[in-house]
Structures are given as structure tokens and as C-alpha cells.
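Sharing a model that was predicted from the sequence below.
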Amino acid sequence: MKLKTDGLILKAQNIGEQDKLVTVLTRDCGVIRAFVRGAKNMKSSKSAATQTLTYSRFVVYTGRDTYSLDDAVSEEMFISLRNDLESLSLAQYLSEVIMTVAPEHVEAPDFLRLILNALYLLSEKKRPPLLIKSAFEMRAMSLAGYMPDLVACQNCKCYEAEPMYFLPKRGMIFCEDCVSLDGELKIPLNPGVLTSLRHTIYADFNKVFNFALPDDSLKILNMATEQYLLYTLEKDFKTLTFYKSLNQLN
Ligand SMILES: [Zn+2]
């Protein structure tokens, strides 16, 4: 079968002298691994269009068990990402999250839009990296079916409290009166962080990155979203460890 689509190259490995094996988030087939014949020939447009973190249009051929890509043309290479190690390492982490939670072999236009928006804002430095990371983590988790419940305190149903505690292991919030005193991780959220955390999952899709927080609050938001993702997915992200080693964010 032959299908024209577009997507973001998440990972590219060389195969032999001429070919590549790429992992791509496509609009119409979700995450797929596909062979690209002749992709290492520098004269071929396929060479640039199948580099990691390049958004391209291409034709996907589906065989019985394999995919191959052809006629690849790059649309956006996010050049400025490649010149900045911190942005690049964050982009690689976002890609690893996508490879973990995005569906395979079915359409995934929302995941594609989410990561393209994030990479654009990151490469153009339109938002702080931690804001992009937090919003991306929560929205990607929600799209994947892991939306936490941030409407109100799980026990008394109060909507606002200062602080409200977020429990990353459960994906729930509790007010000061209702939070239990056991050893489970609880992250106290001031009203600004609570509003932002709600925004990342409940805001309209095209506004997901449209908010602002002071740096110290952004760090708390980041701790909440990262811990939620790590607890829920039960996975170590090497790209996250590397990103944090650059930033000393712990
Ligand atoms: Zn309560």
C-alpha cells in the first residue's frame, strides 16, 4: 500500500552503506519504523529529509511486516535547535516521550501537532524550556489516556486551597485538610502553579503553551509534571537524565 503523509523523524540509524532505518511520528500511521533506501546519498533530498528532528513530507509504502519511506522532502529542520545543546537535549527527550506514549500504526495528528508546536517554540525561544517541557509532558500524557484529575480536592471537592497538594503517584490533588501524612510524595502548589497545571491538560489544544509563570513557580510545575510522567510510565528516560545533567535540575 502507498500513502502520502507527513511526520517528524524521531530517530535515524544508518543501515549498511546507503540506507537508514528511521523511527517517525507520522500523521496517518502514528509511530512507525521504516527503511529509507539510498538515504545516505548526500545528493538525494531524502538525506536531509530523514535526519533526526526534521519535519518532512514523504510517501510510506507498507509491506507485510515492514514500512519504507520514499520521496521524502524536508519542510522544517529546526536549525536553531541543533546549535544549542540544551534545547537539542530537551527536544530529544520530547521525542523519547513520543516514542513511549504515541500510538503505533494508527493516525496520530494531535501528537504530531503537539511536538511540532513544542519544537517550534523551543527553537525560536518563544517560551522558557521548562514551560514547554511541563506543558508537553502533561498534554502528551493526557492524549495517551493518562489524564490526571485536577478539578478539585479528591476528598472534600474544594476547588481552591493554598497550598493544594499534587500527588504524582496518583495524579490527584488534595487540600491541606485532606492530604494524608504518609510518606508519599506530595508537591505543594501555590495558586499560580495549580492554575498552570490545570491549564496544561484542560486548555484548548492551541493554547496549551500559552501561559507564564515566574521561574521559581515554573520549577515546581516542572517537578509536578515530570514526577507524574515518570511514576505513570515507570520508565527511565536516558534523554531526560542527560538534559538534567546539563541543567543541574533535580
Ligand atoms: Zn480537601
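Happy to help now that I have it. Note that the structure is predicted; figures quoted are calculated from it, not measured.

what bits of this protein have low per-residue confidence?
Low-confidence segments of the chain, defined by pLDDT under 70: 249-250.

domains of it?
With domains defined by automatic domain parsing, the chain comprises 2-76, 109-149+165-247.

Same list (those) but as JSON lines, adding mean neighbour count.
(Each C-beta comes from the backbone N, C-alpha and C, glycine too.) Listed next are the domains of the chain as JSON lines, based on neighbours: other C-beta atoms under 10 Å:
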{"stretch": "domain 2-76", "mean neighbour count": "17"}
{"stretch": "domain 109-149+165-247", "mean neighbour count": "18"}
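
and the ion, which of the ones you listed is closest to it?
domain 109-149+165-247 (3.2 Å; C-beta to the ion).

how far does that closest one stretch from start to finish?
From its first residue to its last, domain 109-149+165-247 covers 31 Å (C-alpha to C-alpha, to the nearest Å).

export the domains of the chain to JSON lines and tack on distance to the ion?
As requested, the domains of the chain are exported to JSON lines (distance: least, C-beta to the ion, whole Å):
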{"stretch": "domain 2-76", "distance to the ion": "39"}
{"stretch": "domain 109-149+165-247", "distance to the ion": "3"}
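
do you know which of these lies nearest Arg82?
domain 2-76 (7.6 Å; C-beta to C-beta).

from the middle of its chain, how far away would whatever helix or strand Ala12 lives in be?
Per DSSP states H and E, Ala12 falls inside strand 2-15. Relative to its chain's centre, strand 2-15 lies at 17 Å (C-alpha atoms, centre = their mean, to the nearest Å).

got it, and stretch 203-222?
Worked out by C-alpha atoms, centre = their mean, stretch 203-222 lies 15 Å from the chain centre.
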